[in-house]
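[1] Give me a 3D structure for the following:
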Amino acid sequence: MSDFYIMRVTAKGNGKSDSIIDFHPGLNIIQGRSNTGKTCIIKCIDFCFGSKAKPFDECLGYDTIELSIHTGKGDISITRTFGKNQVDVVTNVPGFENGKYDLNPTNKKEPLPILSDLLLSSIGIEGEHFVIKNKNFEKKRLTWRTFLHVLLFHVNDIAKESSIIEPEQATEKTALLSALLFLLFGRDFAEADAQTKKEIRVARKKAVEEYVNKKIQSAADKRKGLLETLEVFDGVDVEKAMQDIIDSLQNTETEISNAVDHSRELLSQILRLQSRAAECELLKSRYSSLKSQYISDIKRLSFIVNGEAEIGFVPKNQVCPFCEGKLPVRDKKSYINSAQAELSRITAQMDGLSETELDLQTEQSEIEANLRELQEKRDAIEAMIEKELQPKADALRESLNSYRAYIQIKRELQVIDDFASSWETDLRELPSEDDAQLEYHPKEYFGDDFQEHIDQMLKEALIECAYDNLTTARFNMKDFDIEINGHKKADIHGQGYCSFLNSIVAMVFRSYMNAHATYDPGFVVIDTPLLGLDQGVNDSAPESMRTALFKYFISHQHDGQIIILENIRHIPKLDYKAAGAHVITFTKGLESGRYGFLNDVK
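    Modelled structure (predicted):
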């Protein structure tokens, strides 16, 4: 973390109690309702750093601002009264005395020290330095305010659709970019550097010309090959041929569909007959069992009848073998008639069973004949589909694909012609490089490493801040602004998202300076980073984005001091104290606590 941070802002006035806001080195959040003086705090900081604008009206009774700063070289206290272009300084930074300091250089015989020199020295910039302010290499003195724009982000700027880093005034852009280059690399960029850049541009133009010419030559070779392929279709009405093929294919597919339906119907009939054949086999087995039972019954009854007839020829005992007494004659019951009746009945049933078996055999023969006929028909249909209709459909599709290839080739030729025309235009529009002309373009000096690191940091920040549907993120050097999924932020987002994205850009630049700058101011103040994010949004994304953004502030507070000014209604509910953040709340009298920034103003 940088050693430079703001310790305190104090507003004073005759008869008024001092209004003091203390800050910590890491994350500081000033939250409150509207009109409680949050924005006045960033204006007070800006005022002590030399702004012409007063932070609030003198009629409130406060007319003096004191700003206390801690630096790696010592502490600085700056006191400025409204209407004065001088400040009172108390410092222990080596080489500087306590006393009055001018905000800007003057032509006095005995000039006072300049506040900017003290501030620049506190971050390691010693002596007087100049930065280039326009393309003609005209220079201006480097001051603290030259780059203050990238440290203080006012509420009027945070929702900008253009770059949050570059100033609105075109005359200030080059100076700011030159100052950033000085902070990053510790040197200014003179004519020799411009000449080197010019040589690079000439070499780059030559490389572009060679690259484009190779592309045009490759396109020409590709075009030649495609034209040779198209010769096969000479004299053919492709559209008519394609329509004929499509019609034939539709008819063939209809025939296949009808044949498949017929095959399914035949299969259904076959299954029904097979089911009936199985039933016949079951009946046949049952009839066979029944016939066996009838035969057994006939044999049993015949045995009874024959046995009783044989017994009639056996002589009967008339004398008792023990006492030799005469035995009485008894009549024996005969079963011949009943057995004969039962035998006649069973014989008749067996005759009926034989007739039924004959009928069943006849039905089975008919079923087998019908099955053979239906299977032959189905086999013929399947063979027709497999050997005639499907090959015909495949051949038609292949022919159709060849004609579609013709259409694709025509399209490729058109694309090639369009690209070739575009490349030719690009060659004509390549800027000419006049050896006698040298111009300063500061964005050319940031280099590929800067671009690569900033791109990576922006994407990581957007992911950390829960940006929805993120595919790509890059820093567009021309616009000096973020570009997401190939779009500028203003092209796809309104005010709320612009504030959100501008806050991320401001934080990423602060982190980049902390990691890579030769001279790092070390702090950033953002007024209302969530401005407008709750307007006109129906989904849940803004809530998650608000929470993620403040979690991002927390996780990156060790890169340098962060001061956030925000409406209390928009700040997500997080445990800031546990995260190490310093929170000050302005209640506006709706609850106990501090009313607002100015103690004696309600």
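[2] When you work out contacts or count neighbours from here on, use the C-alpha atoms and nothing else.
    Noted.
[3] what secondary structure does Asn28 sit in?
    With DSSP: H, G, I helix; E, B strand; the rest coil as the basis, Asn28 sits in strand.
[4] What about it, how many residues nearby?
    When neighbours are counted by other C-alpha atoms under 10 Å, Asn28 registers 24.
[5] List the beta-bridge partners for it.
    Ile563, His582 (DSSP bridges).
[6] Now for it: which residues touch it?
    561-564, 581-584 (C-alpha atoms under 8 Å, 6 or more residues apart in numbering).
[7] Stretch 155-175: how far from the chain's middle?
    Centroid displacement of stretch 155-175 relative to its chain, using C-alpha atoms, centre = their mean, to the nearest Å, is 30 Å.
[8] pretty sure Glu591 is in a helix, no?
    No. Assignment of Glu591 by three-state DSSP gives coil, placing it outside any helix.
[9] Dump the contacts of Asn28 into JSON lines; add pLDDT and neighbour count as well.
    Listed next are the contacts of Asn28 as JSON lines, based on pLDDT from 0 to 100; neighbours: other C-alpha atoms under 10 Å:
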{"residue": "Gln561", "pLDDT": "95", "neighbour count": "26"}
{"residue": "Ile562", "pLDDT": "96", "neighbour count": "29"}
{"residue": "Ile563", "pLDDT": "97", "neighbour count": "26"}
{"residue": "Ile564", "pLDDT": "96", "neighbour count": "22"}
{"residue": "Ala581", "pLDDT": "96", "neighbour count": "19"}
{"residue": "His582", "pLDDT": "96", "neighbour count": "18"}
{"residue": "Val583", "pLDDT": "96", "neighbour count": "16"}
{"residue": "Ile584", "pLDDT": "96", "neighbour count": "19"}
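[10] closest to Glu460 among these?
    Closest to Glu460 out of those is Ile562 (18.9 Å), distances taken as C-alpha to C-alpha.
[11] so who does the closest one touch?
    25-28, 523-526, 553.
[12] and what of Lys16?
    Counted by C-alpha under 8 Å, 6+ apart, Lys16 has contacts 61-62, 600.
[13] Confidence-wise, which of the residues you listed comes last?
    Across these, the smallest pLDDT goes to Asp600, namely 86.
[14] For the stretch 451-600 of the chain, give me the ranges with low pLDDT.
    493-495, 534-543 (pLDDT under 70).
[15] Mind jotting down where the helices sit in it?
    489-492, 495-516, 541-555 (DSSP state H, counting those that start in this stretch).
[16] How about the chain?
    Using DSSP state H, the helices assigned to the chain run over residues 38-48, 115-122, 155-158, 170-185, 191-230, 238-311, 336-384, 390-429, 447-464, 489-492, 495-516, 541-555.
[17] per-stretch mean pLDDT over those, give me the minimum one.
    helix 191-230 has the lowest average pLDDT among the helices of the chain, namely a mean of 65.
[18] what residues are up against Leu177?
    So Leu177 contacts 166, 442-443 (C-alpha under 8 Å, 6+ apart).
[19] Make TSV out of the residues you listed and add pLDDT, neighbour count and distance to Asp481.
    Shown next, in TSV, are these (pLDDT from 0 to 100; neighbours: other C-alpha atoms under 10 Å; distance: C-alpha to C-alpha, whole Å):
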residue	pLDDT	neighbour count	distance to Asp481
Glu166	92	20	9
Pro442	88	22	15
Lys443	89	14	12
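[20] Pick the one among the residues you listed closest to Lys326.
    Glu166 (153.8 Å).
[21] about what we covered before: kindly indicate which of the contacts of Leu177 lies nearest Glu368.
    Lys443 (93.3 Å).
[22] Can you give me the distance of the closest one to Leu112?
    36 Å (C-alpha to C-alpha, to the nearest Å).
[23] now do Asp481
    In terms of C-alpha to C-alpha, Asp481 sits 39 Å off from Leu112.
[24] Find the nearest non-adjacent residue to Ile69, please.
    With sequence-adjacent residues excluded and distances taken as C-alpha to C-alpha, 6 or more residues apart in numbering, Ile69 is closest to Ile6, at 4.5 Å.
[25] unless I'm mixing things up, that neighbour is touching Asp75, no?
    No. Checked against C-alpha atoms under 8 Å, the pair Ile6 and Asp75 is beyond contact range at 9.8 Å.
[26] more neighbours, these two?
    Set Ile6 next to Asp75 and count neighbours by other C-alpha under 10 Å: Ile6 wins out with 23 against 18.
[27] Model confidence score at the more buried one, please.
    97.
[28] In contact with it, which residues?
    23-25, 67-70, 523, 561.
[29] Most neighbours of all those residues, which one?
    For these, neighbours tallied by other C-alpha under 10 Å; top is Phe523, 28 neighbours.
[30] what about it, distance to Leu266?
    Taking C-alpha to C-alpha, one finds Phe523 at 86 Å from Leu266.
[31] residue nearest the centroid of the chain?
    Centroid-nearest residue in the chain: Asn469, 3.4 Å away (criterion: C-alpha atoms, centre = their mean).
[32] Give me the phi and psi angles of it.
    Recorded main-chain torsions at Asn469 are phi 60, psi 50, according to degrees, to the nearest 10.
[33] cool, the one 3 residues further on as well?
    The phi/psi pair for Thr472 (degrees, to the nearest 10) reads phi -130, psi 150.
[34] Please give the number of neighbouring residues around Gln557.
    Gln557: 23 neighbours (other C-alpha under 10 Å).
[35] That one contacts His24, correct?
    No. The pair Gln557 and His24 fails to qualify as a contact (C-alpha under 8 Å) at a distance of 10.5 Å.
[36] one step back: between the contacts of Ile6, which sits nearest Glu210?
    For these, the nearest to Glu210 is Phe523 (46.6 Å; C-alpha to C-alpha).
[37] give the contact list for the residue nearest to the closest one when sequence neighbours are not counted.
    Closest residue to Phe523 apart from its sequence neighbours, by C-alpha to C-alpha, 6+ apart: Gln561 at 4.5 Å. By C-alpha under 8 Å, 6+ apart, Gln561 lies in contact with 2, 5-6, 24-28, 522-524.
[38] how does this protein divide up, domain by domain?
    Domain ranges of the chain: 5-189+446-586, 241-374, per automatic domain parsing.
[39] coming back round to it: Asp481 and Leu112 - which one has more neighbours?
    With neighbours defined as other C-alpha under 10 Å, Asp481 and Leu112 compare such that Asp481 has more, 20 against 16.
[40] bridging residues for that one?
    In beta-bridge terms (that is, DSSP bridges), Asp481 pairs with Asn476.
[41] Report the contact partners of it.
    So Asp481 contacts 162-165, 475, 505 (C-alpha under 8 Å, 6+ apart).
[42] Would you mind measuring from it to Gln340?
    Taken as C-alpha to C-alpha, the span from Asp481 to Gln340 is 120 Å.
[43] now do Ile20
    Ile20 is 135 Å from Gln340, by C-alpha to C-alpha.
[44] next one: Leu115
    Counting by C-alpha to C-alpha - Leu115 and Gln340 are separated by 145 Å.
[45] higher neighbour count, those two?
    More crowded of Leu115 and Gln340, by other C-alpha under 10 Å: Leu115, with 25 against 16.
[46] these two touch, right, that one and Asp102?
    Yes. The pair Leu115 and Asp102 qualifies as a contact (C-alpha under 8 Å) at a distance of 6.1 Å.
[47] Mind putting the contacts of Ile562 into CSV with distance to Tyr512?
    Converted to CSV, the contacts of Ile562 look like this (distance: C-alpha to C-alpha, whole Å):
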residue, distance to Tyr512
Pro25, 18
Gly26, 16
Leu27, 17
Asn28, 20
Phe523, 12
Val524, 12
Val525, 16
Ile526, 17
Phe553, 15
